[in-house]
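>>> Quick one, fold the following:
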Amino acid sequence: MRRWFALSAIGRDRPGIVADLAELIYECDCNLEDSSMTILGSEFAVLLLLSGEGDDVERRLTAGCKRLEWEKRLTVFFRPLEETGPPRPAGTPGSAMECAVTGVDKAGIVARVARVLADRGVNVTALSTQSRPEPETGTPIYTMRIRMAVPRAVDRRALRTELERVAAELRVELTLTERDSAE
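Next comes the predicted model:
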C-alpha cells in the first residue's frame with residue numbers, strides 16, 4: 001500500500017542539497033510528488049511531498065534522514081500523512097486570487113493582511129516575501145505575494161474593502177486579482 005510523507009529540510013545554502021534529497025528519496029524507493037524550495041537568507045529550505053510503498057518505508061526514510069543530517073549538516077524532519085490516497089490539493093472550494101503588497105518595510109504587514117484573510121476563511125496556498133533596498137535611497141521596500149483560495153461564500157467586495165483599509169493604515173500599496181485556478 002502506498003503511503004504519503006511530508007519532509008522538510010533546511011541547511012546552509014550550497015550546491016548539491018537538492019541532489020542529496022532527491023537521492024535519499026530515490027534510495028528509499030519513494031517518489032517525489034510535490035515540492036517547494038527557496039533560499040532564505042543564507043539558508044536553503046525545502047518542503048517535499050513524497051510517497052512510497054513497503055512495510056519498512058518509514059524506517060528507511062528515518063535512517064536516510066539521520067544520515068543526511070550527520071553527513072550533509074542538514075536539519076531534516078519528516079512525518080507520515082494520514083491520507084490513504086493522494087492528498088487533496090490545498091485550498092478551499094472557491095476561486096483562486098492573488099494579493100500583492102508593496103511598501104516601505106515595517107513590522108506587521110504579513111500579520112495584518114493574513115489576519116484579514118483568516119478571519120474570512122480564506123486559505124493561503126502560497127506566500128512569498130522579500131525586502132530589498134530601493135536603488136536610489138536604500139530604503140528597505142517590502143514585497144509580499146499571497147496566493148489564496150477564497151470560498152464562494154466570501155463577499156469579494158467586502159474582502160477587498162477590508163484589505164484596502166489595512167493597506168491604507170500600513171501605508172502600503174495593495175492589489176487583489178482573480179487568478180486562473182489552473183496556475
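>>> Could you use CA atoms for every contact and neighbour count after this?
Fine.
>>> Now do the strands in this protein.
The residue ranges that make up the strands of the chain, judged by DSSP state E, are 2-12, 30-40, 43-53, 75-80, 94-104, 123-133, 140-151, 173-179.
>>> Take those strands and lay them out in JSON lines including mean pLDDT, distance to residue 116 and mean neighbour count.
As requested, the strands of the chain are arranged in JSON lines below (pLDDT from 0 to 100; distance: least, CA to CA, whole Å; neighbours: other CA atoms under 10 Å):
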{"stretch": "strand 2-12", "mean pLDDT": "96", "distance to residue 116": "28", "mean neighbour count": "19"}
{"stretch": "strand 30-40", "mean pLDDT": "94", "distance to residue 116": "25", "mean neighbour count": "14"}
{"stretch": "strand 43-53", "mean pLDDT": "95", "distance to residue 116": "26", "mean neighbour count": "18"}
{"stretch": "strand 75-80", "mean pLDDT": "95", "distance to residue 116": "30", "mean neighbour count": "16"}
{"stretch": "strand 94-104", "mean pLDDT": "94", "distance to residue 116": "12", "mean neighbour count": "19"}
{"stretch": "strand 123-133", "mean pLDDT": "93", "distance to residue 116": "11", "mean neighbour count": "15"}
{"stretch": "strand 140-151", "mean pLDDT": "96", "distance to residue 116": "12", "mean neighbour count": "20"}
{"stretch": "strand 173-179", "mean pLDDT": "94", "distance to residue 116": "13", "mean neighbour count": "15"}
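>>> Verify the stated contact: residue 112 with residue 168.
No - proximity of residue 112 to residue 168 does not meet the contact threshold set by CA atoms under 8 Å, at 11.6 Å.
>>> pLDDT wise, what is residue 183 at?
At residue 183 the predicted local distance difference test score is 50.
>>> Could you list which residues are in contact with the closest residue to residue 29 other than its chain neighbours?
Once flanking residues are discounted, residue 29 sits nearest to residue 52: 6.4 Å by CA to CA, 6 or more residues apart in numbering. Taking CA atoms under 8 Å, 6 or more residues apart in numbering, we find residue 52 in contact with 2, 3, 4, 28, 29, 30, 31.
>>> centroid residue for this structure?
Relative to the mean C-alpha position of the chain, the nearest C-alpha, by CA atoms, centre = their mean, is the one of residue 126, at 4.9 Å.
>>> Spatially nearest residue to that residue, not counting backbone neighbours?
Here the nearest residue to residue 126 in space, its sequence neighbours aside, is residue 147; by CA to CA, 6+ apart that works out to 5.0 Å.
>>> Need the contact partners of stretch 164-173.
Under the contact criterion CA under 8 Å, 6+ apart, stretch 164-173 has outside partners 101, 102, 103, 104, 109, 112, 113, 174.
>>> Fine by me, we can end here.
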